[in-house]
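J.: From the sequence below, what's the structure:
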Amino acid sequence: MTIFLVLGLFAGLYMLWLLFSLAVYALPLYAGIGLAFWMHGAGFGYAPSILGGFVAGFATLFAGQLLFVLSGSPLLRLALVLLFVLPAGIAGYQAVHGVFGLAIDPGATLTILSGLGATLIAGTTWTRLTGFEPAGQVQQPMAPSLPAAE
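T.: Coordinates of the predicted model:
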C-alpha cells in the first residue's frame, strides 16, 4: 500500500511538471485542434484533418517564435507574448479546477484557487517565453574558461 502512495506522489509531481512545461504550447495546440475539427466538420476525412491540425499547430508555434525573434518593437513582443500566455492561463485554470474539484466543493474557494493556479501558470509561461531571469542570478558561461597565462 505504501508503494502506491509513493508512486502516486511521483505521478502527481510529474503531471504538475508537465503542466508547467507544456503550458507554453497551449495556443498551437488550440489552433491545431480547432483546424482539425473544422476540417472534419467540413467533410474532409480523418487523415487530412489530423495532418492539417498538426501543420496548423507547428505553423502557429513557428510563426510566433519567428515574429518574436525578428520583431524590434516591444509592443509587438508584448502582444505576441500575451497571445501565448492567455491560452496557457485558461488551460491552467481548467487543470487546477479539475484537480481541486475532486477534493473541494464548487464555490468561491475553488474559483479562487483555480484563478491563483491560472495566474501562476500564465506567469511561468511568460517567463519561459521572454527568457526573464530574476535579478541577482548569475549566468554561467557557456564554455569553460581557460586558465590565465602566467
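J.: In terms of pLDDT, where does the spatially most central residue of the chain sit?
T.: Central residue check for the chain by CA atoms, centre = their mean: the C-alpha nearest the mean position is that of residue 23, 1.3 Å away. Per-residue confidence (pLDDT) for residue 23: 85.
J.: I figured it was touching residue 88, is that so?
T.: Yes: using CB atoms under 8 Å, residue 23 makes contact with residue 88 at a distance of 4.1 Å. Where you see a C-beta, it was placed from the backbone N, CA and C, and this is true even at glycine.
J.: Give me the neighbour count for residue 88.
T.: A count of nearby residues for residue 88, using other CB atoms under 10 Å, gives 26.
J.: Kindly apply the preceding question to residue 9 instead.
T.: Quick note: residue 9 (other CB under 10 Å) scores 10 neighbours.
J.: One more: residue 62?
T.: 11.
J.: State the helix or strand in which it lies.
T.: Element membership for residue 62, per DSSP states H and E: helix 46-70.
J.: now the angle from the helix or strand following that helix to helix 46-70?
T.: The helix or strand immediately downstream of helix 46-70 is helix 74-100, counting by DSSP H and E. Inter-element angle recorded for helix 74-100 and helix 46-70: 130 degrees (by axes from the mean of the first three to the mean of the last three CA atoms, to 10 degrees).
J.: Going by neighbour count, which residues in helix 74-100 are buried?
T.: 77, 80-81, 84-85, 87-93, 95-97, 99 (16 or more other CB atoms under 10 Å).
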